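Colleague: just coords:
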């Protein structure tokens, strides 16, 4: 949605390379920023999230960074593998903390 | 997987007919969301609920209504289906907006 913008819409990388997906949001009151992964034909599932009181969070090969001043956050995937191929969505809570709003999604393709 | 089910999983209906999609949860979560997923648009919020009989509009609510008469069920109704409402519909639940949201399996709706 327009409250959360996500880029790029598609991303193709070679296996082993890094991938970065970026999102911006409009509501300065937002304080929770999750990332979801959706494999083909499946439901979205949470892979990592970050709250506004931290600037970076890591979980093995994935990391998320947050810049509250600039109102943007990013997902970093290192040492990409073919099983990382999926659609990734960023999200933010807007409207007084009730609405979970998603970006437009990024289709990541990891080529073997 | 969290206890959340959508019904029906697939439906084909004619333009102008009413359609109701059901989301049922067994997690006693307070928040429930309806999204539609279309190519190039990601997950767009239609309506959401923050408690029994408490609902609010999302970013693409025109042509849709919802009801939540008990904690476990959140119904999405298309009063008069149009071809533009052909989409995959996802329900999601969460205990609080700033925690992990769990998605249903999705409902593929085709309006002919």
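Modeller: Thanks, I have it. The shown structure was predicted, so the numbers you read here are calculated from the model rather than taken from an experiment.
Colleague: CA atoms for contacts and neighbours, from now on please.
Modeller: OK.
Colleague: list the contacts for residue B:10?
Modeller: Residue B:10 sits next to B:107-109 when contact means CA atoms under 8 Å, 6 or more residues apart in numbering or on different chains.
Colleague: strands - which of the residues you listed land there?
Modeller: B:107-109 (DSSP state E).
Colleague: contacts only, for residue A:93.
Modeller: A:30-33, A:99-101, B:97-98.
Colleague: would you format those residues as TSV with pLDDT included?
Modeller: Formatted as TSV, the contacts of residue A:93 follow (pLDDT from 0 to 100):
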residue	pLDDT
A:30	88
A:31	89
A:32	92
A:33	95
A:99	85
A:100	88
A:101	91
B:97	84
B:98	86
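Colleague: out of those residues, who's the most crowded?
Modeller: residue A:33 (27 neighbours; other CA atoms under 10 Å in any protein chain shown).
Colleague: what packs against whichever helix or strand it is part of?
Modeller: Element membership for residue A:33, per DSSP states H and E: strand A:32-38. Applying 3 or more CA pairs under 8 Å, 6 or more residues apart in numbering or on different chains; DSSP states H and E, one finds that strand A:32-38 contacts strand A:45-51, strand A:86-94.
Colleague: which of these sits most buried?
Modeller: strand A:86-94 (a mean of 25; mean count of other CA atoms under 10 Å in any protein chain shown).
Colleague: tell me the mean pLDDT for it?
Modeller: Averaged across strand A:86-94, pLDDT comes to 93.
Colleague: what's the first helix or strand after that strand?
Modeller: strand A:99-102.
Colleague: and the closest residue to residue B:84 other than its chain neighbours, what does it touch?
Modeller: The spatially closest residue to residue B:84, leaving aside those adjacent along the chain, is residue B:111, at 7.9 Å (CA to CA, 6 or more residues apart in numbering or on different chains). For residue B:111, the contacting residues are B:12-15, B:81-86, by CA under 8 Å, 6+ apart.
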